[in-house]
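Output the structure for:
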Amino acid sequence: MKVMLVEAIFPQMHGYEVVFPFGYACLGAILQREGHDVDYVFPTASNLSMRDVVNLISNADVDLIGIGGLLPHLPAVIKLVRMIKAVRQNIPIVLGGQMVTYTPELALKMTSADFGIAGEGEIALLKLVDCLEAKKDYSEILGLVFKRDRRVICNGISETMPLEQIPMPNWNDFPMDYYFFAGSRPPMLSQNTGPKKAFSWMLSRGCPMRCNFCASGSKPRYKTITQSLIELQEIVKRFDPDYITFVDNLFTPNKKYTIDLCEAFIANGFRFEFSVASRANLVDRELLRVLRRAGCRAVFYGLECANDNILRFMNKGITTEQMIKAIEMTKEADIYPMVSIMFGQPGETFDDFFNSLRIALMSINPKNPVPNIASIMPLLTFPGTDIYSYAKQHRYFASDEEYWNRYKGSHRIHYANDYTKEAIGEVWEIANTIIRWKYNQSMADNLLKSLRYRRLSYLDSQCRLPTKDREHLGKFLDRCLNMLVKQQSERGKKHASYRWRNTGARAGKRGRYSIHGLVEKA
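As a prediction, the model looks like this:
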């Protein structure tokens, strides 16, 4: 059977990192191993618009089209499927990924696709292809979603294939130069000159944790160290990468496994450097030293919030004290701590976010301030997460379809009662300005001025934000500016104290207050 796998990410779409398409590679390699023909379409790699993809499909010799993606991809998938059906109505289309796993009925109803696969697709897709080719009944395939008598039938979650049974990709099918050289750059390599071959790979699936905002919390499966070495040896022999980002949800499930794996890296003489994801409660000095000896340059920690009560609500399983200790130990080991924080959990305050931001800024090495704050963003609510269940229980929406109609543009649900969603947007902009201040020394003064003018705007009667929002934001920004002034002073500059002065202007007019002595150069 001839199968075409299409990635529903297009050049005009923003916010998506370029990483090797593991899912498509695994599915395609399994189908090819069983004698099926597979073609791939990666619009970003080939600079194809949606219309280009549809034109390609309209003339292709293909029996089944597979499209995968996350829930934010669903608008593009809806449009793409409809355009394909307009030119090749009789070709069946199967969807996969997060958008089917957690909202199967929504995915098929919204897109008019013929099938979906909930869960991992290796076994279910192969069974579907075999059934379609032999014209056999497919209705008993675990994980399959299909339509019958105008109803959507969901057969639960698919079976999982042991990771050791999944073959390596057929590398010639993929534009490898694109994934090596156009992919996301590790921050410490971005400052170097010359081409650096940076690749992404994974040695596991799933995650043992159940953070309330994440849909990756499934039973973890790790490749054996022997299998991991076989795969990495092939990658090294064929491509000799300078850097590998291991995109596993959790690279360090336990100390012994991680140390044994790192020792195997060292014994094999791998020259590539790498980055991993871990947790603040799963590292110690010994583990970090071994990681560094094996070539680790960065460890990603999801800090999220510096309030222990909020962390418990989030099911993070870590404490603020553990965060701080992990950052300090990671820097001591000469490894960059990459961190993320978010804002907008139920019950979270501006004081909480300030403390989260302050701890995140601790991760930056002042002698080499590379961008190692991986993300600062508002809380997003996705199906399959505990926060989604919380929102549904608290009647923010009654069904998946209502959720989609209300929140499909941003996936942001406003849980707070004492400030608006616009205030969260302001906090996000302030935080990102502060991050740019940390990284861009030449722009430091101008960025501080921009924060100063933003602070003045909250005192302006023309400001569209509610009074309560302006009060919260003003106090938050005051604390941020005082923190920055102190840090600027530690950079060797002299500063007067940060203070407000009434200039005597008429009440309610812009300029009534001003900031003096914020940045006084020596």
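
Just the mean pLDDT for stretch 356-367, thanks.
For stretch 356-367, mean pLDDT is 80.

Check which residues of that stretch are buried.
356-357, 359-361, 363-364 (16 or more other Cβ atoms under 10 Å). C-betas here are computed from N, CA, C, even on glycine.

In contact with L357: list those residues for me.
341, 376, 431, 434, 480 (Cβ atoms under 8 Å, 6 or more residues apart in numbering).

Pick out whichever of the residues you listed sits closest to E348.
I341 (10.9 Å; Cβ to Cβ).

Double-check that the closest one belongs to a helix.
No: per DSSP: H, G, I helix; E, B strand; the rest coil, I341 lies outside any helix segment and is strand.

Test my guess that R292 contacts K331.
No: the criterion here is Cβ atoms under 8 Å, and R292 misses it with K331 at 11.2 Å.

Keep only those of the buried residues of stretch 356-367 that are in helices.
Among the buried residues of stretch 356-367, the ones falling in helices (DSSP state H) are 356-357, 359-361.

could you dump the residues you listed to JSON lines with distance to F265?
Output for these, formatted as JSON lines (distance: Cβ to Cβ, whole Å):
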{"residue": "S356", "distance to F265": "33"}
{"residue": "L357", "distance to F265": "35"}
{"residue": "I359", "distance to F265": "30"}
{"residue": "A360", "distance to F265": "29"}
{"residue": "L361", "distance to F265": "31"}
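
and the closest residue to I91 other than its chain neighbours, how many neighbours?
Leaving aside its chain neighbours, I91 sits nearest to I65 (5.9 Å; criterion: Cβ to Cβ, 6 or more residues apart in numbering). I65: 24 surrounding residues under other Cβ atoms under 10 Å.

D334 too?
Using other Cβ under 10 Å, D334 is surrounded by 12 other residues.

what's near enough to touch it?
Counting by Cβ under 8 Å, 6+ apart, D334 has contacts R292.

any idea how far V290 is from it?
Distance, D334 to V290, using Cβ to Cβ, to the nearest Å: 13 Å.

One more: V3?
V3 is 43 Å from V290, by Cβ to Cβ.

now V145
V145 is 44 Å from V290, by Cβ to Cβ.

before we move on, could you check phi and psi at Y179?
When read as degrees, to the nearest 10, the backbone of Y179 gives phi -70, psi -20.

Find the nearest non-adjacent residue to it, please.
Nearest to Y179 is F20, by Cβ to Cβ, 6+ apart, at 4.8 Å.

got the contact list for the one you found?
Contacts of F20 were listed using Cβ under 8 Å, 6+ apart, and they are 174, 179, 183, 199-201.

Mind jotting down where the strands sit in the stretch 251-400 of the chain?
Taking DSSP state E, counting those that start in this stretch to define them, one finds strands in the stretch 251-400 of the chain at 273-278, 296-304, 336-343, 373-378.

Go through the ones you listed and name the closest to N212.
Using Cβ to Cβ, the strands of the stretch 251-400 of the chain put strand 296-304 closest to N212, at 9.9 Å.

Which elements pack onto the closest one?
strand 273-278, helix 320-332, strand 336-343, helix 350-361 (3 or more Cβ pairs under 8 Å, 6 or more residues apart in numbering; DSSP states H and E).

mind putting the ones you listed in CSV, distance to A267 included?
Below are the helices and strands packed on strand 296-304 laid out as CSV (distance: least, Cβ to Cβ, whole Å):
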stretch, distance to A267
strand 273-278, 16
helix 320-332, 24
strand 336-343, 25
helix 350-361, 36
